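Undergrad: quick one, fold the following:
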Amino acid sequence: MSADPRAVLTRAVPPPDRTVRYGQHPDQIADVRLPTNGSKGTFPLVVVVHGGFWRAQWDRAHIGPLAAALARLGYPVAQLEYRRTGQPGGGWPGTFADIVAAVGALPGLMALDGPPILLGHSAGGHLALWYSAVSPTTVRGVVALAPVADLAEAHRLDLDGGAVAALLGGGPTDVPDRYAEADPSGRLPGHAPTVIVHGARDRNVPIEMSRRYAALARQVGAPVTLNELPEAEHFALIDPESAAWPVVTAGLHSLHT
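TA: Numbers count the residues shown, from 1 in each chain. The predicted structure follows:
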């Protein structure tokens with residue numbers, strides 16, 4: 001395992017089995033990885049939503065090691081791409097519309113039955129939590145890895161230099177209706193089981209966000225579990241070679257066994 005936690009972002013992985021399109025924009029696509037252990041039909045589809053603070057410079061390639069590792073475990077995987085800030089149509093509402101369109105279309109595009117599991121990291125974790133709040137009956141569950149679970153707080157902290165303002169077009173006082181629609185902390189999940197994994201050493205997304213989100217969810221009886229990893233930082237959660245990986249896979253397995 002590399003001493004550089006960011007090494008996973010550029011680690012080479014085998015190419016996907018194929019790429020499917022859920023819309024007309026060049027980034028309305030998903031890379032499909034099929035199980036490599038002959039277990040097709042045994043495990044549910046996992047739709048992987050990458051992070052990068054919703055910005056165009058970060059695409060689905062950096063989460064390839066995670067997606068490939070899940071396929072080796074027996075999961076069919078859709079490594080989702082979506083429009084991001086800095087692109088035509090990215091941000092509000094296009095980024096959110098892409099998640100809705102993709103999750104609705106991918107099972108059919110992959111000829112798979114049953115609702116998928118959403119697995120998102122960082123900004124992708126935010127999008128997974130948001131989707132489960134607005135469409136809880138269409139997903140089997142959510143695994144959110146170091147999610148940006150509170151957009152108003154992320155804006156206050158100025159995470160990634162204005163990333164939330166770029167996503168929504170301003171701060172909470174500028175566009176309050178958008179924050180009300182897009183912020184997971186204000187739209188807690190319904191019955192969709194949710195597993196959050198967050199490292200205490202995360203300097204990109206503070207673990208306090210996940211703690212508050214989980215506490216609010218418990219108050220309303222939502223099925224949310226928070227796994228805190230004392231020694232983990234932000235990128236360990238998407239690295240199959242890290243000590244955090246067994247916790248991630250255990251959370252995923254818990255949603256369908």
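
Undergrad: the stretch 101-250 of the chain: strands as residue ranges?
TA: With DSSP state E, counting those that start in this stretch applied, the stretch 101-250 of the chain shows strands at 117-121, 141-145, 194-199, 224-229, listed in chain order.

Undergrad: nearest to residue 217, out of these?
TA: Across these, the minimum distance to residue 217, taken as CB to CB, is reached by strand 224-229, at 3.8 Å. C-betas here are computed from N, CA, C, even on glycine.

Undergrad: and the closest one, what does it pack onto?
TA: Using 3 or more CB pairs under 8 Å, 6 or more residues apart in numbering; DSSP states H and E as the contact criterion, the neighbours of strand 224-229 among helices and strands are strand 194-199, helix 207-219, helix 245-253.

Undergrad: would you mark the buried spots in it?
TA: By neighbour count, with 16 or more other CB atoms under 10 Å as the criterion, the buried positions of strand 224-229 are 224, 226, 227, 229.

Undergrad: can you put those in a markdown table and add pLDDT?
TA: Rendered in a markdown table, the data for the buried residues of strand 224-229 read as follows (pLDDT from 0 to 100):
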| residue | pLDDT |
| --- | --- |
| 224 | 95 |
| 226 | 98 |
| 227 | 98 |
| 229 | 98 |
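
Undergrad: can I get the strands of the stretch 101-250 of the chain in TSV with distance to residue 78?
TA: Supplementary listing: those in TSV, determined by distance: least, CB to CB, whole Å:
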stretch	distance to residue 78
strand 117-121	10
strand 141-145	14
strand 194-199	19
strand 224-229	24
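
Undergrad: residue 131 is nearest to which of the ones you listed?
TA: Of the strands of the stretch 101-250 of the chain, the one closest to residue 131 (CB to CB) turns out to be strand 117-121, at 6.3 Å.

Undergrad: tally of neighbours for the nearest residue to residue 131 once chain neighbours are set aside?
TA: Across the structure, with CB to CB, 6 or more residues apart in numbering as the measure, the residue nearest residue 131 apart from its sequence neighbours is residue 99 (5.3 Å). Neighbour count for residue 99, taken as other CB atoms under 10 Å: 22.

Undergrad: can you tell me the SS state at residue 99?
TA: helix (DSSP: H, G, I helix; E, B strand; the rest coil).

Undergrad: just how off-centre is stretch 173-185 within its chain?
TA: In terms of CA atoms, centre = their mean, to the nearest Å, the gap separating the centre of stretch 173-185 from the centre of its chain is 19 Å.

Undergrad: what about this protein, any weak spots by pLDDT?
TA: Low-confidence segments of the chain, defined by pLDDT under 70: 1-2, 38-41, 190.

Undergrad: centroid-nearest residue for it?
TA: Residue closest to the mean C-alpha point of the chain, counted by CA atoms, centre = their mean, is residue 120 at 1.3 Å.

Undergrad: quick revisit: can you redo the buried residues of strand 224-229 as TSV with distance to residue 135?
TA: Shown next, in TSV, are the buried residues of strand 224-229 (distance: CB to CB, whole Å):
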residue	distance to residue 135
224	17
226	22
227	24
229	29
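
Undergrad: any idea which of those residues is closest to residue 37?
TA: If you rank the buried residues of strand 224-229 by distance to residue 37 using CB to CB, residue 227 comes first, at 25.4 Å.

Undergrad: show me what the residue nearest to that closest one when sequence neighbours are not counted is bridged to.
TA: Spatial nearest neighbour of residue 227, excluding adjacent residues (CB to CB, 6+ apart): residue 197 at 4.8 Å. Taking DSSP bridges as the rule, residue 197 bridges to residue 145, residue 227.
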